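Visitor: coordinates only, no sequence provided:
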């Protein structure tokens with residue numbers, strides 16, 4: 001089942017994320033719904049569908065999908081964080097903070113939970129706590145980016161990143177063309 005997730009599940013998650021990144025919410029939702037169909041026991045698809053609903057302002061539907069994600073894994077930090085986001089959006093910073101803290105109990109190094117906890121503290125006028133959590137989120141984001149670059153350098157990138165980097169010949173050709181252009185400009 002793990003191999004199936006790494007092949008099919010991560011590919012669907014990546015497809016949905018790519019559609020999301022360019023603002024194509026219908027295609028993102030389609031990919032995430034297929035993810036739920038193929039892997040109903042995993043929280044990722046439910047959480048992502050919830051994010052689509054939240055983005056379109058359907059907070060009640062989003063909340064239901066985040067709860068379904070938590071029914072699959074009650075410690076799933078992204079869904080806990082997203083529930084906190086809904087409470088924050090509704091003006092209940094105290095309830096939001098509780099969800100962010102639960103997410104951080106589950107994954108103490110989950111940057112979005114730290115970032116959003118900071119935002120909730122800022123809304124409550126707790127600026128010291130805001131700065132602390134916001135800075136921590138930035139450090140964690142930077143560390144994750146460095147770690148991913150190191151994995152790529154060692155050829156151990158995650159499956160979605162490996163798929164993005166697969167056409168290595170294309171990258172080599174582009175690099176050579178770039179060098180030729182630079183050298184032709186420099187030698188004029």
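Guide: Good, I have the coordinates. In this text, all values refer to a predicted model and were calculated from it rather than measured experimentally.

Visitor: what sits against residue 138?
Guide: Each residue near residue 138 by CB atoms under 8 Å, 6 or more residues apart in numbering is listed here: residue 111. Yep, even glycine has a C-beta here, placed from its N, CA and C like the rest.

Visitor: burial check on the closest residue to residue 95 other than its chain neighbours, number of neighbours?
Guide: Nearest residue to residue 95, sequence neighbours excluded (CB to CB, 6 or more residues apart in numbering): residue 87, at 4.0 Å. Residue 87 sits with 20 neighbouring residues when counted by other CB atoms under 10 Å.

Visitor: pull the distance from stretch 136-147 to the chain's centre.
Guide: How far stretch 136-147 lies from its chain's middle: 13 Å, per CA atoms, centre = their mean, to the nearest Å.

Visitor: list the contacts of residue 53.
Guide: For residue 53, the contact set (CB under 8 Å, 6+ apart) comprises 59, 61, 62, 65.

Visitor: and for residue 155?
Guide: Taking CB under 8 Å, 6+ apart as the definition, residue 155 has no contacts.

Visitor: how about it, secondary structure?
Guide: Under the three-state scheme (DSSP: H, G, I helix; E, B strand; the rest coil), residue 155 adopts coil.

Visitor: residue 8 and residue 39, how far apart?
Guide: Noted for residue 8: a distance of 8 Å to residue 39, by CB to CB, to the nearest Å.

Visitor: and these two? which has more neighbours close in?
Guide: Comparing residue 8 with residue 39 by other CB under 10 Å, the one with more neighbours is residue 39, at 20 against 14.

Visitor: for the helix or strand encompassing residue 37, which positions count as buried?
Guide: Taking DSSP states H and E as the criterion, residue 37 maps to helix 25-38. Going by neighbour count (16 or more other CB atoms under 10 Å), the buried part of helix 25-38 is 25, 28, 29, 30, 31, 32, 33, 35, 36.

Visitor: how much space between the fifth one and residue 150?
Guide: Translated: residue 31. In terms of CB to CB, residue 31 sits 29 Å off from residue 150.

Visitor: likewise for the third one?
Guide: In this structure, residue 29 lies at 33 Å from residue 150, with CB to CB as the measure.

Visitor: circling back: between the buried residues of helix 25-38, which sits nearest residue 49?
Guide: residue 32 (4.8 Å; CB to CB).

Visitor: quick one, helices of the chain?
Guide: 2-4, 10-21, 25-38, 44-55, 59-72, 77-89, 93-106, 111-123, 127-153, 159-165, 168-186 (DSSP state H).

Visitor: let's have these in JSON lines, adding mean pLDDT.
Guide: JSON lines is the format used below for these (pLDDT from 0 to 100):
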{"stretch": "helix 2-4", "mean pLDDT": "79"}
{"stretch": "helix 10-21", "mean pLDDT": "95"}
{"stretch": "helix 25-38", "mean pLDDT": "96"}
{"stretch": "helix 44-55", "mean pLDDT": "97"}
{"stretch": "helix 59-72", "mean pLDDT": "98"}
{"stretch": "helix 77-89", "mean pLDDT": "98"}
{"stretch": "helix 93-106", "mean pLDDT": "97"}
{"stretch": "helix 111-123", "mean pLDDT": "95"}
{"stretch": "helix 127-153", "mean pLDDT": "90"}
{"stretch": "helix 159-165", "mean pLDDT": "50"}
{"stretch": "helix 168-186", "mean pLDDT": "60"}
